[in-house]
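Undergrad: Here's a sequence, model it:
(chains A and B)
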Amino acid sequence: MLEIKNMNVHFGVIHALKGISLTVNDGEIVTLIGANGAGKTTTLRTISGLKKPTDGEILLNGRDITHTTAQERVKMGISHAPEGRRVFSTMTVLENLELGAYLRKDKENIPKDLKMVYEHFPILYDRRKQAAGTLSGGEQQMLAIGRALMGRPQILFLDEPSMGLAPLLVQEIFSIIRNINSTGTTILLVEQNASMALQIAHRAYVLETGSITLSGTGAELMQSDDIRKAYLGG
Amino acid sequence: MNKWTALAQKMSKWIILALTFIIIQLLIQVNIINDYLQATLATICINIILAVSLNLITGFTGQFSLGHAGFMSIGAYTCAIILLRMPTTWGFLAGIFGGALLAAVVGFLVGLPTLRLRGDYLAIATLGMSEIIRILFLNMEITNGAAGLSGIPRFTNWFYLFVFMIGTIIVITNFLKSSHGRACISIREDEIAAEAMGINTTRYKVTAFTIGAFCAGIAGALYAAYFYFVKPSTFGFLKSIDVLVIVVLGGMGSISGSILSAILLALISTILQDFSELRMILYALMLIIIMLFRPQGLMGSKEVSLKIFKNLLSYMPSRKEGQ
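TA: Model (predicted):
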């Protein structure tokens, strides 16, 4: 479904991504793990069009989308729940979700998708009239994911959904991510919490200072000694 | 509830507006609102148009602009130039819309490149633009340089002030209620998230900027046709700051806040006329005190609505029923 070929990204003189290539197949959960500053977020932001690559190709369903805008990519079915939740804090939960469907032309299907989001996250239904800024961190993360889902994505990008959440909540979020995937949404997940990410991922890539150093199925990487030492705490 | 009360509720907004217009018109006719107070009234209306339109740019879309005086001066000079050659009502209307359109075009052209900047950078860029416009007017022949244009016939009256003020408020509130308005507010809330939602942030920022400039142009035109003369120094950057003060004081993101604070500030400065030396000190002191106790502005991001009165009304009968 999604294919990245030899993509380079620079921030001024800093070479942030050094020719990375990766693929995400239909229906998969693919995770990108790595330390702080490895370039995980940059990868997602470049694929969703928020940052321009220096060179390389981005293919969505075989079509070259390297030179399209972020808006066009949302229309083509890429939804991005950005790092740090970034909900619209003075707007209500419902307004946030509606903005997730901003570009959609099929307005008549929106109530159905709202229902779908509320089924994944019942707490959002209870809080639908509350300002998003008053939600707890976990609820805001749920809202950020729900908002991205309202765009009816073919592929959903999740950037650090576990960031700053209590372990129990992390469990909950990850089981919901698995549910979302089982209803047919392909997911590209960026995580620092490698053990959780590898548990639910079909395949994984390890990113180190801008290059992909390892890849394999989630289970394979869980067994790898290097990974265990570097990311899973021995 | 019978159909008459339902109808009355629906119409209540318009009835209140019409009553406000008629009452003030009558007060002007019997000279309770004398010439001096009329000038204050004109200032209030013009400031409301300026503040509400700057609020769209700064309060709702979150783009810190210091260029409102520039857009206002374009409207003022356009209207003045047209009125001096064509002193009729049609000339006046042509001046208003010509000035507003020209201001909007300049806003659009300036907005396209500068709205890529954020925060302080945008403020400096818009400040620069406003100064460039002022210097142009200072050096052009048609604007008569530093002396400015005088003897502009007065066409602005309470009717035009009221119509354009209410028109501006209605257009901007409706814009904000539409999905375009939501998009603008989402840019203020979080530009990156808005972009990730597929909102064309540049387009909405430029749209808000252009609408704001258009309205500032109207305000300038009304100003020129009320106060008889325009000169470049009126539209220095202090004018932009004045408008910004109204917006911040009323509450960034509250239309009714801007209206309230425009009225309040005009009244304060009118009352303080009697303390001429202390006037600016007291005015500044009052601003400091208000900001200390209400940093979010008078209204925050809330709006006054007729619902308050409706709730009061419905509260009273229910108490009777309870007894």
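Undergrad: Chain B contacts on chain A?
TA: A:48, A:50, A:69-71, A:73-75, A:79-82, A:86-91, A:95, A:98-100, A:102-103, A:147-148, A:151 (Cβ under 8 Å from any Cβ of the partner chain). Just so you know, the C-beta spots here come from the backbone N, C-alpha and C atoms, and that holds for glycine as well.
Undergrad: and residue 53, helix, strand or coil?
TA: In the absence of a named chain, this looks at chain A. coil (DSSP: H, G, I helix; E, B strand; the rest coil).
Undergrad: Which ones among the residues of chain A next to chain B map onto helices?
TA: Applying DSSP state H to those, the entries found in helices are A:Ala70, A:Gln71, A:Arg73, A:Val74, A:Lys75, A:Glu95, A:Glu98, A:Leu99, A:Gly100, A:Arg147, A:Ala148.
Undergrad: Please, a PyMOL command that selects the buried ones among the residues of chain A next to chain B?
TA: The buried residues among the residues of chain A next to chain B can be selected in PyMOL (16 or more other Cβ atoms under 10 Å in any protein chain shown) with this line:
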select buried, chain A and resi 48+50+70+71+73+74+79+80+81+82+86+87+88+90+91+95+98+99+100+102+103+147+148+151
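Undergrad: number of nearby residues for the one residue in the stretch 51-200 of chain B that gets nearest to chain A?
TA: Nearest residue of the stretch 51-200 of chain B to chain A: B:Gly198, at 3.0 Å (Cβ to the nearest Cβ). The tally of other residues near B:Gly198 (other Cβ atoms under 10 Å in any protein chain shown) stands at 27.
Undergrad: how near is it to A:Glu108?
TA: 19 Å (Cβ to Cβ, to the nearest Å).
Undergrad: And B:Ala196, by the same measure?
TA: 24 Å.
Undergrad: More neighbours: which of those two?
TA: B:Ala196 (30 against 7).
Undergrad: which ones are touching the residue lying closest to that one once chain neighbours are set aside?
TA: If the residues on either side of it in the chain are set aside, B:Ala196 comes closest to A:His80, at 4.3 Å by Cβ to Cβ, 6 or more residues apart in numbering or on different chains. Under the criterion of Cβ atoms under 8 Å, 6 or more residues apart in numbering or on different chains, the neighbours of A:His80 are A:Leu44, A:Arg45, A:Ser48, A:Leu50, A:Ala148, A:Phe157, A:Asp159, B:Ala196.
Undergrad: Model confidence for the third one, exactly?
TA: Read it as A:Ser48. Note on A:Ser48: pLDDT of 93.
Undergrad: my guess is it meets B:Gly198, correct?
TA: No - counting by Cβ atoms under 8 Å, A:Ser48 does not reach B:Gly198; the two are 9.6 Å apart.
Undergrad: shared neighbours, those two?
TA: Common neighbours of A:Ser48 and B:Gly198 (Cβ under 8 Å, 6+ apart) are A:Ala70, A:Arg73, A:Val74.
Undergrad: And the pLDDT at the second one?
TA: Looking at A:Arg73, its pLDDT reads 93.
Undergrad: Quick one: the strands in chain A, in order.
TA: A:2-11, A:14-24, A:29-33, A:55-60, A:63-64, A:78-81, A:155-159, A:186-191, A:203-208, A:211-217 (DSSP state E).
Undergrad: gap between the residue nearest to B:Ala196 and A:Leu143?
TA: Distance from A:His80 to A:Leu143, by Cβ to Cβ: 14 Å.
Undergrad: How about B:Phe137?
TA: 50 Å.
Undergrad: residue contacts, the spatially most central residue of chain A?
TA: Among the residues of chain A, the one closest to the centroid is A:Leu158, at 1.7 Å (Cα atoms, centre = their mean). Applying Cβ under 8 Å, 6+ apart to A:Leu158 gives the contacts A:Ala81, A:Ile145, A:Ala148, A:Ile177, A:Ile187, A:Leu188, A:Leu189, A:Val190.
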